[in-house]
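*Asks:* attaching a predicted model along with its sequence, questions to come.
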Amino acid sequence: MKDYASKLLNKALDAIEGAETLLNVGKAEIAVGRAYYSMFYVAEALLYNEFDLKLNQHGQVIAAYGKHFAKTRQLDPKFHRWLRDGFETRITGDYGVDTGIIEEEVAANMINQAREFLEAARKYLGK
């Protein structure tokens with residue numbers, strides 16, 4: 001695995017752990033942001049490692065991941081759906097002004113999705 005991709009995967013794990021910490025203190029709106037960023041870092045790592053793509057705009061990363069991994073079924077297409085949905089949830093959590101708009105169950109689910117995506121990426125890149 002390329003060094004930059006490995007660093008992104010480490011950053012993804014840090015984001016998951018941060019999301020869990022935030023959720024444990026009742027900050028679901030902020031936790032979903034960290035969970036989404038974990039998935040974003042995973043997608044970035046995969047794109048860089050396999051295709052030398054170094055993208056940083058959310059739309060570009062999401063679209064490229066869909067093209068190279070979901071449509072080709074290199075990885076389960078559910079990860080692309082989770083990445084897209086996570087982006088929308090993060091926007092709600094980051095920019096919504098009403099507290100409690102994101103339920104703890106939603107945040108916990110996103111954290112689990114992020115962890116599963118990270119594990120799948122590590123397995124794929126370790127092939």
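*Replies:* Received it, and whenever you're ready, just let me know what you need. Numbers count the residues shown, from 1 in each chain.
*Asks:* just give me the neighbour total for residue 62.
*Replies:* Using other Cβ atoms under 10 Å, residue 62 has 20 other residues around it. To be clear about C-beta, it is placed using only N, CA and C from the backbone, and glycine gets the same treatment.
*Asks:* and what of residue 5?
*Replies:* Residue 5: 20 neighbours (other Cβ under 10 Å).
*Asks:* distance of it from residue 54?
*Replies:* For residue 5, the distance to residue 54 (Cβ to Cβ, to the nearest Å) stands at 10 Å.
*Asks:* now swap in residue 30 and tell me
*Replies:* 27 Å.
*Asks:* which one of the two has more residues nearby?
*Replies:* The neighbour comparison of residue 30 against residue 54 (other Cβ under 10 Å) goes to residue 30, with 20 against 9.
*Asks:* can you give me the buried ones in the helix or strand that contains the more buried one?
*Replies:* Assigned by DSSP states H and E, residue 30 falls within helix 28-51. Within helix 28-51, the residues that count as buried by 16 or more other Cβ atoms under 10 Å are 28-49.
*Asks:* with stretch 2-12 instead?
*Replies:* In terms of neighbour count (16+ other Cβ under 10 Å), stretch 2-12 has its buried residues at 5, 8, 9, 11, 12.
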